[in-house]
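Visitor: Okay, sequence plus prediction incoming.
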Amino acid sequence: MNSQTGFTLLEVMITVTIIAILAAIAVPAYNDYVLRGQLSEAYAQLAAQRVRMEQYYQDMRTYTGAEAPGTVATCPAPGQNFTYACAVAAGGQGYTITATGRGFTFTVDQNNVRATTAVPSGWALPATPCWVRKKGGVC
């Protein structure tokens, strides 16, 4: 009597199919999770820069020159996932700080109006001014 051990081809194919189905679900969910984690860089830098702009305004009574190098409100250097731009407007009485990267564009102004102006494909712009946090325009 010859006894054989091991897996049949059918058993191996079923196992591979199950792993493929799980991977098809898990990998996109994980990538979305990682991307949402990277957005926190922009949120944190924009909020911190807004505070620095307000500190500058308290001292100078104008935002003009706030983003210049060497001031308390120097515009942030590019981060790992986003680049930042600071623009003074309204004759020195307003500003807009912009974070751009990963297909997103986030802004905040002197009135603390937070807006998402661009999102990558598969994401939706929010209906109200806010920083989008999840697909579908969820803030």
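Guide: Right, received. Where do you want to start?

Visitor: Show me the strands in the chain, by range?
Guide: Assignment of strands within the chain using DSSP state E yields the ranges 83-89, 94-101, 104-109, 114-118.

Visitor: and the first one, which strands flank it?
Guide: Take DSSP bridges as the rule and strand 83-89 pairs in its sheet with strand 94-101 (antiparallel).

Visitor: what's the answer for the shortest one, then?
Guide: Here strand 114-118 is paired, per DSSP bridges, with strand 104-109 (antiparallel).

Visitor: Poorly predicted segments of the chain, please.
Guide: 1 (pLDDT under 70).

Visitor: again, only this time at 50
Guide: Applying pLDDT under 50 to the chain flags no residue at all.

Visitor: Give me the distance between Thr96 and Cys86.
Guide: Distance, Thr96 to Cys86, using CB to CB, to the nearest Å: 8 Å. All C-beta atoms are positioned from the backbone trio N, CA, C, and that covers glycine.

Visitor: More neighbours: which of the two?
Guide: Cys86 (19 against 15; other CB atoms under 10 Å).

Visitor: Quick one, which of the strands of the chain gets closest to Thr8.
Guide: Shortest distance between Thr8 and these, using CB to CB, is found for strand 104-109: 49.4 Å.

Visitor: one step back: Ala29 is nearest to which of the strands of the chain?
Guide: Per CB to CB, nearest to Ala29 of those: strand 104-109, 19.2 Å.
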